[in-house]
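Asks: Let's see this in three dimensions:
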Amino acid sequence: MEAVRLTVRALFSLHEVYYPGDKWLRQAIIRFGLETEVLAPFDRLWTAGGNVAENAVEQIAALSGLMDQVEEYEPG
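Replies: Now for the predicted structure:
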């Protein structure tokens, strides 16, 4: 969970928007216009299905996608 929190905080910071904390995070992603690039992998973290191993692989892939966005971000 901490890796997700840090990654999403970094994305909010790069986009120069306020990080609202965990409770309203999904709504804040939509409100601040980050949905196209952030919402899909963020949702994949919580909707991964299957057995435990498949779930873990899906969640790691989603987190990796969010981390890639932090690394590849170019201010526009």
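
Asks: how far away is residue 9 from residue 56?
Replies: Computed as C-beta to C-beta, to the nearest Å, the residue 9 to residue 56 distance reads 23 Å. For every residue, glycine as well, the C-beta is placed using N, CA and C.

Asks: Residue 8 too?
Replies: From residue 8 to residue 56 the distance is 19 Å (C-beta to C-beta).

Asks: Of those two, give the one with the bigger neighbour count.
Replies: Ranked by neighbour count (other C-beta atoms under 10 Å), residue 8 and residue 56 place residue 8 first, with 22 against 12.

Asks: Which positions in the helix or strand containing that one come out as buried?
Replies: Taking DSSP states H and E as the criterion, residue 8 maps to helix 2-14. Neighbour-count burial for helix 2-14, counted by 16 or more other C-beta atoms under 10 Å, picks out 4, 7, 8, 10, 11, 12.

Asks: Show me which pair in the residues you listed is furthest apart.
Replies: 4 and 12 (12.5 Å; C-beta to C-beta).

Asks: re earlier: just the buried residues of helix 2-14 now: which is nearest residue 50?
Replies: Closest to residue 50, out of all of the buried residues of helix 2-14 and judged by C-beta to C-beta, is residue 4, at 19.3 Å.
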